[in-house]
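K.L.:
next comes the sequence, and after it the predicted model I'd like to discuss.
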Amino acid sequence: MIELRSVSHWYGQVIGVNDVTCTIGPGVTALLGMNGAGKTTMMRLITGQIRANTGSVRVLGHDPFANPEVYRLLGYCPDVDAFYETMTGREFVTLMARLAGFSAPEARRRADEAIDRVGMSDRADRRLAGYSKGMRQRIKLAQAMLHDPRIILLDEPLNGLDPGGRREFILLLRHLADEGKSILVSSHILFEVEQMTRSILLLHRGRLRATGDLRVIRELIDRHPHRIRIETPQPRALASRLVEWPFVLSVSLEAGGEALEIQTREPDRFYGSLPELVEQGLPILGLSSPDNNLESVFRYLVEA
Amino acid sequence: MIARVLFVHALRDFLRFRRVLAWLLVIAGVAAAGWVWAGLMGQMAPTDVYARLSSILTFRVLPLAAAVFATAVVGQEVEQKTIVYLLTRPVGRPTLLLSRAAAAALVVFAIGAACALAVALAAGLGSGVARSLGQDLVALAVGSLAYVSLFLVVSLLLNRAMVVCLLYAFGWETSVGNMPGDLYHLAVSSYLSAIGSKPAPTSGNPLLDLLSSQLGLNLITPQRAWTVLAVLIVGCVVFGTRWFATHEYVPREDAE
């Protein structure tokens, strides 16, 4: 449905995306990358707001740049938090439906349906200027799907949504994917993406670093030692116990603090064994993993 | 149908309460200034008083309004980042641009017409003044289209076009009529004054002549004025439409 071939785009001397080649088919695909990785540029190339400096972008076989035919089949939820602030949510979504070519009654019907789908029916008649970030995200989602598009592009759609809203959104996404739609969701939070899909495109500094199943990338990550930081009032006692575990590669005490850092190649087994320590009377006040973020994923991938 | 939706949406945006209030104040200012000035020009014929006030006030407000509204057609959408919603709908870019530009031109004409009416009332609305007012309304309609299409092109080409348009409106357009030589051919106002009401060549008051841009020559005939303005409007619209359809417009922070 979406095809990019050797696509590059520059903003003056700054590169947005660099020689990206990929295809995106039905189902949910996550576009993963840190801030500034080129996710929004890629979204804008696919939505035809900007042109590739080199290479080609095809959406359903068409060049998307300023192409109304493509926009009939494509819904886009931008990352920018911008609206016609004096309008109500319902007026805004209805206007977007009118601009999609629907008659006034049909536009109202579709707007009501989309607003209901994102759980905003009871607040849709308030002015957009008074909406919270989460409410604005929901309205952006509503306008992206009101015309029943075959392709939906969502740029950082979970920003500002509360946990309940995120759960509802992920369910909605799965439902849309089940209907056969192609959905491209961008995010810079690995944990979020894992809840949505296993199919990913990984962008780093404008380049496509990995594509495919997130599990494969996870396995790749797991081949490298995984760091875990443990906060405890008894770091030495805990360290002496941890070195006995065969899957722990190293243990180091943090200077002056009540914490230690371990390295393991089997983080799942390590986490599964932690309750034993607590049962043995070794208190654990906190756990964190500096490797459980996108930056470490990129580091692993680049090193690999 | 979509063109009408875009036109109405733009019109509503341009006629937001705060904006309308600001322009009502401008029109009230024009009326007050006209009233005072008409009193000072008591010895002149009402038609000449009207023509002079019109060139000093009405035809100065017209490019100002055009600069504000023409640059809002695309520039405002880029600035407030809502352009993304318009450009990702199944609407042809020419339709999008022309619908919004038409709304801008209508608002600019309405402001110009209100100023002209205020000035006519200040000058004393007799039959001669009414005839001049009718002539000016035609010139204002053409002028709205000319200024809006010209400033629209500027706003499509430059990021912060409002400053350039205001400099042009207040700097070039107001001073070129007083310059020697043929430079007046390069100002829209010279052609509009050939179509609209014309003040007497000299009032005997140099300051008044300077303010109403009467110090230089203006040998443009109405026929030539119509031709040049038509070419300007069509040329700017065609160029602007083509440019907008083939260039990238993204929210402002990303455009820099």
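P.N.:
Okay, I see it.
K.L.:
how many neighbouring residues does the one residue in the stretch 1-150 of chain B that gets nearest to chain A have?
P.N.:
Across the stretch 1-150 of chain B, the shortest distance to chain A (C-beta to the nearest C-beta) belongs to B:K81, at 3.5 Å. All C-beta spots, glycine's among them, are computed from the backbone N, C-alpha and C. Neighbour count for B:K81, taken as other C-beta atoms under 10 Å in any protein chain shown: 19.
K.L.:
doesn't it fall inside a helix?
P.N.:
No - per DSSP: H, G, I helix; E, B strand; the rest coil, B:K81 lies outside any helix segment and is coil.
K.L.:
and B:T174, how many neighbours?
P.N.:
Based on other C-beta under 10 Å, the number of other residues close to B:T174 is 20.
K.L.:
that one and B:V61 touch, don't they?
P.N.:
No - counting by C-beta atoms under 8 Å, B:T174 sits too far from B:V61 to count as a contact (11.6 Å).
K.L.:
quick one on the thing from earlier: phi first, then psi, for the residue of the stretch 1-150 of chain B closest to chain A.
P.N.:
Note on B:K81: its backbone torsions stand at phi 70, psi 10 [degrees, to the nearest 10].
K.L.:
which pLDDT value goes with it?
P.N.:
The predicted local distance difference test score for B:K81 is 91.
K.L.:
pretty sure it sits against A:Y84.
P.N.:
No - contact between B:K81 and A:Y84 fails when scored by C-beta under 8 Å: they sit 10.9 Å apart.
K.L.:
quick one: stretch A:199-211 near chain B?
P.N.:
No - when contact is scored as C-beta under 8 Å from any C-beta of the partner chain, no part of stretch A:199-211 falls within range of chain B; the minimum is 14.6 Å.
K.L.:
who touches stretch B:15-35?
P.N.:
For stretch B:15-35, the external contacting residues (C-beta atoms under 8 Å, 6 or more residues apart in numbering or on different chains) are A:86, B:53, B:57-58, B:61, B:64-65, B:107, B:111, B:114-115, B:118-119, B:121-123.
K.L.:
try 6 Å
P.N.:
The contact list for stretch B:15-35 (C-beta atoms under 6 Å, 6 or more residues apart in numbering or on different chains) reads B:53, B:57, B:111, B:114-115, B:118-119, B:122.
K.L.:
got CSV for those, with pLDDT, distance to A:Y271 and secondary structure too?
P.N.:
Output for these, formatted as CSV (pLDDT from 0 to 100; distance: C-beta to C-beta, whole Å; DSSP: H, G, I helix; E, B strand; the rest coil):
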residue, pLDDT, distance to A:Y271, secondary structure
B:L53, 86, 84, helix
B:L57, 89, 78, helix
B:I111, 96, 69, helix
B:A114, 96, 73, helix
B:C115, 95, 75, helix
B:A118, 92, 78, helix
B:V119, 91, 81, helix
B:A122, 86, 84, helix
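K.L.:
most surrounded residue in those residues?
P.N.:
Ranked by neighbour count under the definition other C-beta under 10 Å, the contacts of stretch B:15-35 are headed by B:V119 with 32 neighbours.
K.L.:
would you list the contacts of stretch B:15-35 in TSV and tack on distance to chain A?
P.N.:
As requested, the contacts of stretch B:15-35 are exported to TSV (distance: C-beta to the nearest C-beta, whole Å):
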residue	distance to chain A
B:L53	36
B:L57	31
B:I111	21
B:A114	24
B:C115	27
B:A118	29
B:V119	32
B:A122	35
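K.L.:
quick one, strands of chain A?
P.N.:
Using DSSP state E, the strands found in chain A span residues A:2-11, A:14-24, A:27-32, A:54-59, A:74-77, A:151-155, A:182-187, A:199-204, A:207-213, A:226-231, A:248-253, A:259-264, A:286-288.
K.L.:
mind putting those strands into a markdown table with mean pLDDT and mean neighbour count?
P.N.:
Listed next are the strands of chain A as a markdown table, based on pLDDT from 0 to 100; neighbours: other C-beta atoms under 10 Å in any protein chain shown:
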| stretch | mean pLDDT | mean neighbour count |
| --- | --- | --- |
| strand A:2-11 | 93 | 18 |
| strand A:14-24 | 91 | 18 |
| strand A:27-32 | 90 | 24 |
| strand A:54-59 | 95 | 18 |
| strand A:74-77 | 94 | 26 |
| strand A:151-155 | 94 | 25 |
| strand A:182-187 | 91 | 24 |
| strand A:199-204 | 88 | 23 |
| strand A:207-213 | 85 | 17 |
| strand A:226-231 | 85 | 20 |
| strand A:248-253 | 90 | 16 |
| strand A:259-264 | 89 | 20 |
| strand A:286-288 | 80 | 12 |
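K.L.:
reformat these as JSON lines; add distance to B:V228.
P.N.:
Rendered in JSON lines, the data for these read as follows (distance: least, C-beta to C-beta, whole Å):
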{"stretch": "strand A:2-11", "distance to B:V228": "39"}
{"stretch": "strand A:14-24", "distance to B:V228": "43"}
{"stretch": "strand A:27-32", "distance to B:V228": "52"}
{"stretch": "strand A:54-59", "distance to B:V228": "43"}
{"stretch": "strand A:74-77", "distance to B:V228": "43"}
{"stretch": "strand A:151-155", "distance to B:V228": "47"}
{"stretch": "strand A:182-187", "distance to B:V228": "51"}
{"stretch": "strand A:199-204", "distance to B:V228": "53"}
{"stretch": "strand A:207-213", "distance to B:V228": "53"}
{"stretch": "strand A:226-231", "distance to B:V228": "74"}
{"stretch": "strand A:248-253", "distance to B:V228": "82"}
{"stretch": "strand A:259-264", "distance to B:V228": "78"}
{"stretch": "strand A:286-288", "distance to B:V228": "73"}
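K.L.:
chain A contacts on the stretch 151-256 of chain B?
P.N.:
Residues of the stretch 151-256 of chain B found near chain A (C-beta under 6 Å from any C-beta of the partner chain) are B:245, B:248, B:250-251.
K.L.:
next step: these restricted to helices.
P.N.:
Among these, the members falling in helices are B:A245 (criterion: DSSP state H).
K.L.:
report the two of the residues of the stretch 151-256 of chain B next to chain A separated the most.
P.N.:
The largest separation in these, counting by C-beta to C-beta, is between B:A245 and B:P251 at 19.0 Å.
K.L.:
follow-up on the earlier one: ok, of the residues of the stretch 151-256 of chain B next to chain A, which come out buried?
P.N.:
B:250-251 (16 or more other C-beta atoms under 10 Å in any protein chain shown).
K.L.:
so for the residues of the stretch 151-256 of chain B next to chain A, which is the shakiest by pLDDT?
P.N.:
Comparing pLDDT over these, the lowest reading goes to B:P251, 77.
K.L.:
contacts only, for it.
P.N.:
With C-beta under 6 Å, 6+ apart, B:P251 has these contacts: A:80, B:81.
K.L.:
from B:L15, how far off is it?
P.N.:
Distance from B:P251 to B:L15, counting by C-beta to C-beta, to the nearest Å: 24 Å.
K.L.:
got a markdown table for the residues of the stretch 151-256 of chain B next to chain A, with distance to A:S182 too?
P.N.:
Below are these laid out as a markdown table (distance: C-beta to C-beta, whole Å):
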| residue | distance to A:S182 |
| --- | --- |
| B:A245 | 27 |
| B:E248 | 24 |
| B:V250 | 23 |
| B:P251 | 25 |
